[in-house]
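In: Turn this into a structure:
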Amino acid sequence: MNALNLPEFKVIGTQENDHDILFIVEAKNPPYCCPECGSIFIYKHGKTERFVRDLNAFGKRVGINIIGNRYKCQDCSTTFSESYQSIDDRDKITIRLRNYIQEQSLKKPFANIADEFGISPTTVKRIFTEYVKEQEAQMIFTTPRILGIDEVHLNKQMRAVFTDIEGLKVLDILPKRNKENVIAFLTKLPDKNAIEVVTTDMWQPYKDAVLMVIPHAKLVVDKFHVIQYANIAMENARKSFRSTLTDKQRKQLMHERFILLKNKEYLTPQEQWNLQIWFVTFPTLKVAYNLKEGLRDMYLCKTREQAIEYYRQWKSSIPKDMQPFLDIAKIIDNWSTEIFNYFDYFVTNAFTESINNLIKHIEKAGRGYSFEVLRAKVLFGTKATIKPKFGEQAFGPMDNTFSNMLYGSFNYSPPKLIEGFGVSIPQLLKVIERDEF
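Out: Numbering: from 1, shown residues only. I've put the predicted structure just below:
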C-alpha cells in the first residue's frame with residue numbers, strides 16, 4: 001500500500017522523528033519524449049533531488065524527497081527534468097497542500113499556516129493572493145435593478161460596499177470609497193441600463209460616480225442616513241445644553257443620552273415619565289427631542305408632495321438658537337432631490353446597514369487581519385457565497401447545406417446567466433450567529 005497516496009510516485013523509503021515524516025520517492029513512469037520537440041530519443045543526463053511539503057499526517061509535518069533524473073534530447077539537445085502532476089514546482093508543495101492552504105488562508109493567520117506545514121509566510125500569502133485573483137475572475141454579476149452603495153469601517157478606514165437591494169446580496173467591498181474606485185466598479189457591471197435606482201448616503205463621490213456612469217438611474221438617499229443626522233443633531237444639542245448646567249442639575253439628567261436618542265415608540269413607561277419630568281424642568285431638551293422625532297415622522301408621509309410640505313413646516317419650526325438642527329436643514333436642502341426621491345420609490349439600504357454590524361463582528365474575530373483578507377473572508381470564505389449559475393448552451397437551427405454540415409456552421413449563443421455572483425446577507429447573518437465564520 002502506498003501510504004503517501006500519490007499514485008504517480010513509488011515510496012522507496014521513509015524517515016520519521018517526533019515532529020516530521022519524510023517520504024523518499026521516485027516516479028513510477030519516467031518521461032518518454034522531449035517536451036520541446038516531441039522526440040522519443042532522450043537519455044538520462046544526471047540525477048535530481050527535490051524536496052516538497054505535503055499535508056500533515058498523524059499529527060506530524062510531511063515532507064517528500066523526490067529522487068529523479070535529468071534528461072537530454074538527442075535531436076534538439078534540450079535538457080529537462082521530470083515533471084509531476086501532483087507537485088506545485090514553484091512553491092515546492094503538493095497540489096493538495098496548495099488547495100488546502102487556499103481554504104485555510106481565509107480562516108487562519110498566514111504565520112500560523114506557515115508554521116503548521118513548515119513553509120514560509122510569504123508562500124502562504126502568495127497562494128492566498130493568487131487564489132483571490134482566481135475567485136475574482138468568477139465574480140460575474142447580474143446587474144441589480146436597485147443598487148445599494150454604502151460604506152463600512154474596516155481596518156481603521158471607510159470602505160465602499162455594493163449590494164443588490166432586492167436580491168439581498170453583497171456584491172463587493174472596495175478598499176476605498178473615492179470616486180475613481182466607485183466608477184471602476186460601476187463600469188464593469190453588465191447591462192447598466194437595468195439599474196433603475198441607486199440608494200446611498202450623502203457622500204458626494206458616490207453621487208458624482210453615479211451621475212457619470214449611470215446618469216439615467218434615480219439616486220435615493222437612504223432614510224436611515226437622514227435619521228442618523230437627526231440623532232447627531234439631538235446629541236450635539238444635548239451636549240451643548242448640558243455644558244450650561246450646574247452639577248446638581250446634571251445629576252437630574254442621569255442616563256438622559258440613552259433615552260433622548262431612543263425612538264419614541266420604543267420608550268418604556270418609566271422612560272416616558274422621565275422625559276416628561278425633564279421637559280418641564282429643561283424645556284430646551286423638549287424642543288430638541290421633538291425636532292428629532294419630527295424629522296423621523298417625515299418618513300410616515302405617503303407621497304413626495306406630502307413629504308416636501310411636511311419638511312417645510314418642520315424646518316420653519318426650528319428655533320434660531322437650535323443650531324444643530326439648522327445645520328441638518330442645510331444638509332437636507334443641499335440633497336433635497338435625492339432625499340425626496342425616496343417617496344417615489346420607498347427603497348432603503350436596511351440590509352446594507354446590517355452589514356456594518358457583521359463587519360464589526362468579523363473584524364473583531366479576525367483582529368490583525370489585513371483588509372484584503374477580511375474582504376476575501378466575506379466574499380469567498382463562507383457558505384453564504386453564491387457563485388454564478390448558468391443555463392444550458394443554446395444552439396440554433398443548422399443550415400443543412402453540404403458545406404455548412406462539413407465545416408460545422410451553426411447558430412450558437414453562450415449560456416445565459418441565471419444568477420450572478422454575490423454573498424447572501426441573510427445567510428451570512430446565520431453564519432455569524434452559528435460562529436462558522
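In: Near Val423, how many other residues are there?
Out: Residues lying near Val423 (other CB atoms under 10 Å) number 25. Placement of C-beta: from N, CA and C, glycine included.
In: Grab the nearest non-local neighbour of it.
Out: Val170 (4.2 Å; CB to CB, 6 or more residues apart in numbering).
In: What of Thr284?
Out: Phe241 (5.3 Å).
In: Identify the single longest helix in the chain, thanks.
Out: helix 223-242 (DSSP state H).
In: low pLDDT regions in the stretch 201-350 of the chain?
Out: 254 (pLDDT under 70).
In: if you go through it in chain order, where are the helices?
Out: Per DSSP state H, counting those that start in this stretch, the stretch 201-350 of the chain carries helices over the ranges 204-213, 223-242, 247-251, 256-260, 269-281, 283-297, 304-316, 323-334, 336-340, 342-345, 350-365.
In: quick one, which of those helices is nearest to Gly59?
Out: Among the helices of the stretch 201-350 of the chain, the nearest to Gly59 by CB to CB is helix 350-365 (26.4 Å).
In: Tell me the first helix or strand C-terminal of that closest one.
Out: Using DSSP states H and E, the helix or strand that follows helix 350-365 in sequence is helix 371-380.
In: Now do that next one, average pLDDT.
Out: Across helix 371-380, pLDDT averages out at 90.
In: which other helices and strands contact it?
Out: The helices and strands touching helix 371-380, judged by 3 or more CB pairs under 8 Å, 6 or more residues apart in numbering; DSSP states H and E, are helix 121-136, strand 146-154, strand 157-164, strand 169-173, helix 350-365.
In: what about the strands in the stretch 1-150 of the chain?
Out: Shown for the stretch 1-150 of the chain, the strands assigned by DSSP state E, counting those that start in this stretch span residues 9-16, 20-27, 42-57, 60-73, 79-81, 87-88, 93-94, 146-154.
In: what residues are up against the residue nearest to Phe51 when sequence neighbours are not counted?
Out: Nearest residue to Phe51, sequence neighbours excluded (CB to CB, 6+ apart): Asn65, at 5.4 Å. Counting by CB atoms under 8 Å, 6 or more residues apart in numbering, Asn65 touches Leu22, Phe23, Ile24, Val25, Glu49, Arg50, Phe51.
In: rewinding a little: so which of the helices of the stretch 201-350 of the chain comes closest to Gln104?
Out: The nearest among the helices of the stretch 201-350 of the chain, by CB to CB, is helix 350-365 at 15.4 Å.
In: which residues touch Arg159?
Out: Contact partners of Arg159, counting by CB under 8 Å, 6+ apart, are Glu151, Val152, His153, Ile173, Leu174, Pro175, Lys176, Arg177, Phe371, Arg375.
In: burial measure for the fifth one, as a count.
Out: Which is Leu174. Look at Leu174: counted by other CB under 10 Å, it has 18 neighbours.
In: Tell me who's in contact with it.
Out: Leu174 makes contact with Arg159, Ala160, Val161, Phe162, Asn181, Val182, Phe185 under the criterion CB under 8 Å, 6+ apart.
In: Kindly recompute the last result at 6 Å.
Out: Leu174 sits next to Ala160, Asn181 when contact means CB atoms under 6 Å, 6 or more residues apart in numbering.
In: again, but for the last one
Out: With contact taken as CB under 6 Å, 6+ apart, Arg375 is in contact with Ile173.
In: do you know how far it is from Lys239?
Out: Taking CB to CB, to the nearest Å as the criterion, Arg375 is separated from Lys239 by 36 Å.
In: Could you find the closest non-adjacent residue to the residue lying farthest from the centre of the chain?
Out: Going by CA atoms, centre = their mean, the residue of the chain most distant from its centre is Gln74, 54.5 Å out. Distances taken as CB to CB, 6+ apart put Phe41 closest to Gln74, at 4.1 Å, once the chain neighbours are dropped.
In: burial count for that neighbour?
Out: Phe41: 12 surrounding residues under other CB under 10 Å.
In: burial count for the nearest residue to Lys10 once chain neighbours are set aside?
Out: Nearest residue to Lys10 in three dimensions, chain neighbours excluded: Lys28, at 5.2 Å (CB to CB, 6+ apart). By other CB under 10 Å, 11 other residues sit near Lys28.
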